[in-house]
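Student: just need the structure, nothing else, for what follows:
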Amino acid sequence: MKKIILLLLLNGFISYAQEAKDSLLPKDLKEVIVIGKKTQIHEKLTKSLATIDEFLDKGSKVDLVKRGAYAWEPIINSMATERTLITIDGMRIFGACTDKMDPITSYVEVSNLSQATVNSGQQGSCFGSTIGGAIDLKRTQSKFGTPNWNFALNTGFESNNRQKIIGSSVNFADSTYYFDTDVMFREADNYAAGNNKEILYSQFRKLNFSGTTGFKFRQNQLIEASVIYDKATDVGYPALPMDVSLAEALITSLKYVILPKSPLLKDWETKIYFNTITHRMDDTTRPSVPIHMDMPGWSETFGMYSKISGLKNNHHFLANLNSFYNKSVAEMTMYPADPNENSMFMYTWPDVRTFFTGLFVEDNWVFNCHSGLKISVSIGSHTNEVASDFGLQSLQIFYPEMEAQKSRFLKSMAVNYNYTKNNWEYGFGGGYGERAPSVSEGYGFYLFNSSDRFDYIGNPNLKNEKSFESNIFFGYKREKISAKITSSYFHITNYIIGTPDDILVPMTIGANGVKLYTALDYATIFNVDFNAEWTFSKKWKWNVNLFYSRGKDSNNNDLPLINPLSYKTALSYTQLKFNASLECVGNVTQNQFGAVYGETKTPDFALLNANFGYKLSFAGSKLYTKIGAENILDNYYTTYSDWNKIPRMGRNIFVNLTFSL
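Tutor: Sure thing, here's the model as predicted:
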């Protein structure tokens, strides 16, 4: 193992990324956002008790759609969750909300993760089909060794929304056994945007518990069981017409690992898992609602994967057989103001069952000490079935010849070359991938989009979406200075998006109309990001990051949710037990916006942030204090990815304390 220091998006700290590789392996176009071991987290990060969303927001390939102060939706390479893949330790998990209020990242906490691996495009297809890329959230795991206990207590406070944070962890490991337990609680009131403008319905409350235990019953064999329980209540979404009374997740797994004694095989990991998600939207706390409604949703997933890696001559290979079965159900009940009228019920996800089985194979072929080639191929069988007769009959109103079951065959491949010599590096590659429509795109029934104010209806007859991608990077690195520029281009055929149907009548009061999911001939997305770091001395460092995206459809219209030019720069100082950083973050004006898709122009903004940290050691214990201020100038601003232009948080002062022994 070799620790590689990666500059990750200029948040005032250095991330220590671990890539399982020797120095000759080809480099992936990925970034590893290291959150760190529980005993080290507070020493590495700008805001030690921030949410996972805030950490991912530091990634160059990752942005987030914000509908409030909680549960942001990750975007990879300017593509939302339909075109990306998010896993927790390789486990497939599907949200239960038709409005994307519960992305997978919302069911984990910073205190029970070690790192987030972000892969671009088809390099992220190890655990399933994707177009834009993948994020794998890796759990914290103790290591076998001499008997050792570790206790930690975390607490924090944020001034803007009066967020209270408290958590603790207990960990133990010896030569044959380990367990990790962690609990974290957060509670926040409404936040205030710049100029002290209160944003109503932005409060939240969240409890998260994580437990993992492993037992080495032979020198080369391990069994591990893990569980995550997450419960959020009273979650407000100011950008949406409804809030969330309950978002609850239970995520479990059992893993078996063997280190084969064969010189050909390195390790073999097999995991079975089950997770269940419950999500309840309601509008009972909103005033002046034309008609009250409840919108609960449920998602259950059974899955497994068996992954094996090895080495033969100059070939480092990996094979992964993975499969899952998911059940997604969502419904809506409307209650008229007149108690004499009957309530109205319908399925918005009509009990859709998805069964997927795929095989991923990868070969890292090392030519010499300077260059190598990475080749990957995947195939998968994808089947959807509508199990509800009532839901099937509802969709057959629009698609009379629709059958309850539809099967698809998905394929992908990628080839990437890299070269490194004399402080210079470069690489290029290409790929092809396919994806099936999501449950909403294929089977959604009158799903209201509050951004463009249209009801959406799915289309089970959609073809597979197909992507042709290319990428290239150049980099230079010396002891005190490093720089890297990375670019990717995606040409996506059968691009799935909603288009208006003038004949259909909307169901939502005040809606502009109805859109059916259809496929455009194609769309293109171009991304480029630049990262640089200059080390003045052992104490001073300066980081710079620039990122830009451009997206067009086949009618030459700008695509929605495409990042304008953004920038981040930070000056950091470290000396013994003290560290500090000053950061500037901003976007230029978004002039290329998806007007056809309901977007409006977003003005430019610039923010100033600062933080200070100090570590105190005494009697075998450690106390780490992190104090900082975000949006110091209290700017009132919004970004391209803020749903319905909901303004971001104004000035916020935070204090994080971590005590460990």
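
Student: so after the helix or strand that contains residue 547, what's the next helix or strand?
Tutor: Following DSSP states H and E, one finds residue 547 within strand 540-553. Proceeding N to C from strand 540-553, the next assigned helix or strand is strand 566-575, under DSSP H and E.

Student: tell me which residues in that next one are buried?
Tutor: Applying a neighbour-count criterion of 16 or more other CB atoms under 10 Å, the buried positions in strand 566-575 are 566, 567, 568, 569, 570, 571, 572, 573, 574. In this view, the C-beta of every residue, glycine as well, is placed from N, C-alpha and C.

Student: what of stretch 222-242?
Tutor: For stretch 222-242, by 16+ other CB under 10 Å, it's 222, 224, 226, 228-232, 235-242.

Student: before we move on, back to that, identify the farthest-apart pair in the buried residues of strand 566-575.
Tutor: 566 and 574 (26.0 Å; CB to CB).

Student: ok, now which ones touch residue 614?
Tutor: When contacts are counted by CB atoms under 8 Å, 6 or more residues apart in numbering, residue 614 touches 577, 578, 579, 624, 625.

Student: how close does it sit to residue 661?
Tutor: 18 Å (CB to CB, to the nearest Å).

Student: what is the most widely separated pair among the buried residues of stretch 222-242?
Tutor: So, those by CB to CB: farthest apart are 222 and 241, at 48.5 Å.

Student: show the pLDDT at the nearest residue to residue 70 once chain neighbours are set aside.
Tutor: Spatial nearest neighbour of residue 70, excluding adjacent residues (CB to CB, 6 or more residues apart in numbering): residue 204 at 4.1 Å. We have a pLDDT of 97 for residue 204.

Student: what is the neighbour count of residue 201?
Tutor: Burial measure for residue 201: 18 neighbouring residues, criterion other CB atoms under 10 Å.

Student: same question, residue 536
Tutor: Applying other CB under 10 Å, I find that residue 536 has 11 neighbouring residues.

Student: same deal with residue 379?
Tutor: Neighbours around residue 379, by other CB under 10 Å: 15.

Student: need the helices for this structure, in chain order.
Tutor: 41-44, 52-56, 389-395, 439-443 (DSSP state H).

Student: out of the ones you listed, which is closest to residue 297?
Tutor: helix 439-443 (10.3 Å).

Student: what does that closest one contact?
Tutor: Helix 439-443 is touched from outside by 82, 94, 98, 328, 349-350, 352, 354, 384, 386, 391, 395, 406, 436, 447, 456, 458-460, 462, 496, 517, with contacts defined as CB under 8 Å, 6+ apart.

Student: mind checking pLDDT for residue 23?
Tutor: 40.

Student: gap between residue 230 and residue 200?
Tutor: Taking CB to CB, one finds residue 230 at 25 Å from residue 200.

Student: what do you get for residue 454?
Tutor: 25 Å.

Student: who has more neighbours out of the two?
Tutor: residue 454 (24 against 11).

Student: the more buried one pairs with what?
Tutor: residue 449, residue 513 (DSSP bridges).

Student: quick one: residues contacting it.
Tutor: By CB under 8 Å, 6+ apart, the neighbours of residue 454 are 448, 498, 500, 506, 511, 512, 513, 514, 515, 598.

Student: the fourth one against residue 512, yeah?
Tutor: Yes - using CB atoms under 8 Å, residue 506 and residue 512 qualify as a contacting pair, with a distance of 7.4 Å.

Student: bridged to the residue nearest the centre of the chain, which residues?
Tutor: The chain has residue 74 as the residue nearest its centroid, 4.3 Å off, counting by CA atoms, centre = their mean. Beta-bridge partners for residue 74, by DSSP bridges, are residue 64.

Student: was I right to think it contacts residue 103?
Tutor: Yes - counting by CB under 8 Å, residue 74 does reach residue 103; the two are 6.2 Å apart.

Student: joint contacts of the two?
Tutor: What both residue 74 and residue 103 touch, as defined by CB under 8 Å, 6+ apart, is the set 81, 86.

Student: one step back: least reliable of the helices of the chain going by mean pLDDT?
Tutor: Among the helices of the chain, helix 41-44 scores lowest, with a mean of 53.

Student: who are the contact partners of the residue nearest to the centre of the chain?
Tutor: Neighbours of residue 74 in contact, by CB under 8 Å, 6+ apart: 53, 56, 62, 63, 64, 81, 84, 86, 103, 105, 135.

Student: how about TSV for these, with distance to residue 305 added?
Tutor: Output for the contacts of residue 74, formatted as TSV (distance: CB to CB, whole Å):
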residue	distance to residue 305
53	26
56	23
62	23
63	28
64	27
81	20
84	18
86	15
103	21
105	20
135	16
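
Student: widest-spaced pair of these?
Tutor: For the contacts of residue 74, and using CB to CB, no pair is farther apart than 53 and 84, which are 15.0 Å apart.

Student: so these two - more neighbours on which side?
Tutor: When residue 53 is set against residue 84 and neighbours are counted by other CB under 10 Å, the residue ahead is residue 84, at 23 against 20.

Student: show the pLDDT at that one.
Tutor: Value listed for residue 84 in the pLDDT field: 96.

Student: same thing with residue 20?
Tutor: 32.

Student: over to residue 649?
Tutor: On the pLDDT scale, residue 649 gets 97.

Student: quick check: it touching residue 630?
Tutor: Yes - contact criterion CB under 8 Å: residue 649 and residue 630 qualify, at 7.2 Å.

Student: pick out whichever of those two has more residues nearby.
Tutor: residue 630 (25 against 20).

Student: if the more buried one is in a bridge, with which residues?
Tutor: Residues in beta-bridge contact with residue 630 (DSSP bridges): residue 652.
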